[in-house]
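K.L.:
Just a sequence and a predicted model for now, questions to come.
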Amino acid sequence: MRHSEHHLQGDITAPARSRRLLEAWAVGHSRRHEMVLALSELVANAVVHAGTEIRERGVSIHFEESDSCVRVSVHHPGRAFTPVIRHGHSGLALVAGSVDRWGIDQQGPSVEVWFEIDESAVL
Amino acid sequence: MGVSSVLPLAICESNHVIGPTFEIEVVESEPGTRLVVRGEIDIQSAPQLDEALSNTAGDAVVLDLSDVTFIDSSGLRVLVMARTRIDSSGRSLVLCASADSAVVRTIRLAGLTSDFEVVPNVDDLS
């Protein structure tokens, strides 16, 4: 199991920072574009809808690779929310269209938004 | 070839670019403005693209996205709004990007393929 964890400042540069980290970690993956897009959308969502807590405490991103899939998650302080996908070009619609599974969980005082991409897609 | 200007955006920290590298070249020519965009379009850079698209003139706006390496939902939103605005004033918007580019892949993922006229190369424009 390969695992990597990073902490980012909760500002509008966070999506670009998260992309650089995942691009480097997922070199050679056939669905790297979709993975990087989905992560960027989740990080952007976190900082755009951020309360002061996210701006002060930032956002954590985790990358995990097992035999069966790649799992990417974004953690930040706050409450889990019910996703509403308004149209096809909304951020969450792009996430849903890019990955095999995704979800939102409450973990104590933090929210975890995660997605998985199956390894069968690896070339 | 008309007036050309470049609007750069790059945030640097310890000589490393941490924000999306982003640049728009504005070329005023006939029959209208051509915008050449380079770099990544996300929540940091999309407002600049929106402003540049709002200031276009002429009957046809050409948005050259051949050198755009990433676009997110905020960038797509800017494109959708620009198309609506440009259409409603009786003008046209054409995007340039190859079929396997990040832009076209993301437009396809969003189900917006039929919303835009996309040509692979600027040279394909008559």
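P.N.:
Everything's here; your move. Numbers count the residues shown, from 1 in each chain, chains lettered A, B, ... in the order given.

K.L.:
what number of residues lie near the nearest residue to residue B:53 once chain neighbours are set aside?
P.N.:
The shortest distance from residue B:53 to any non-neighbouring residue, by CB to CB, 6 or more residues apart in numbering or on different chains, is to residue B:82 (4.2 Å). C-beta coordinates here come from the backbone N, C-alpha and C atoms, glycine included. Look at residue B:82: counted by other CB atoms under 10 Å in any protein chain shown, it has 20 neighbours.

K.L.:
so what's residue B:82 scoring on pLDDT?
P.N.:
Residue B:82 is assigned 96 on the pLDDT scale.

K.L.:
what's near enough to touch it?
P.N.:
Counting by CB atoms under 8 Å, 6 or more residues apart in numbering or on different chains, residue B:82 makes contact with B:50, B:53-54, B:61, B:63, B:93.

K.L.:
Top of the residues you listed by number of neighbours, please.
P.N.:
Sorting those by how many neighbours each has (other CB under 10 Å) puts residue B:63 first, at 27 neighbours.

K.L.:
related to what we said a few turns ago, just name the closest of the contacts of residue B:82 to chain A, please.
P.N.:
Nearest to chain A among those is residue B:50, at 14.6 Å by CB to the nearest CB.

K.L.:
Need the residues that contact the one helix or strand that closest one maps to.
P.N.:
Assigning secondary structure by DSSP states H and E places residue B:50 in helix B:46-54. Helix B:46-54 has contacts (CB under 8 Å, 6+ apart) with B:7, B:9, B:22, B:24, B:26, B:35, B:37, B:41, B:61, B:63, B:72, B:74-75, B:77-78, B:81-82, B:85-86.

K.L.:
Now with 7 Å, please.
P.N.:
Here helix B:46-54 makes contact (CB atoms under 7 Å, 6 or more residues apart in numbering or on different chains) with B:7, B:9, B:22, B:24, B:26, B:35, B:37, B:41, B:74-75, B:78, B:82.

K.L.:
does the residue most central in space within chain B belong to a helix or a strand, and which?
P.N.:
Most central in chain B under CA atoms, centre = their mean is residue B:63, positioned 4.6 Å from the mean C-alpha point. Under the criterion of DSSP H and E, residue B:63 resides in strand B:60-71.

K.L.:
Repeat that for residue B:86.
P.N.:
Residue B:86 belongs to helix B:73-88, assigned by DSSP H and E.

K.L.:
With just CA atoms, put that helix into CSV.
P.N.:
Taking C-alpha atoms only, helix B:73-88 is exported to CSV below (Å, rounded to 0.1, in the frame of the first residue of the first chain):
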residue,chain,number,x,y,z
SER,B,73,-15.8,23.7,-13.4
SER,B,74,-15.2,27.4,-12.7
GLY,B,75,-13.5,27.7,-16.1
LEU,B,76,-16.3,25.8,-17.8
ARG,B,77,-18.8,28.1,-16.1
VAL,B,78,-17.0,31.1,-17.6
LEU,B,79,-17.1,29.5,-21.1
VAL,B,80,-20.9,28.8,-20.8
MET,B,81,-21.6,32.3,-19.6
ALA,B,82,-19.5,33.8,-22.4
ARG,B,83,-21.2,31.7,-25.0
THR,B,84,-24.6,32.8,-23.8
ARG,B,85,-23.6,36.5,-23.7
ILE,B,86,-21.9,36.4,-27.1
ASP,B,87,-24.8,34.4,-28.8
SER,B,88,-27.4,36.8,-27.4
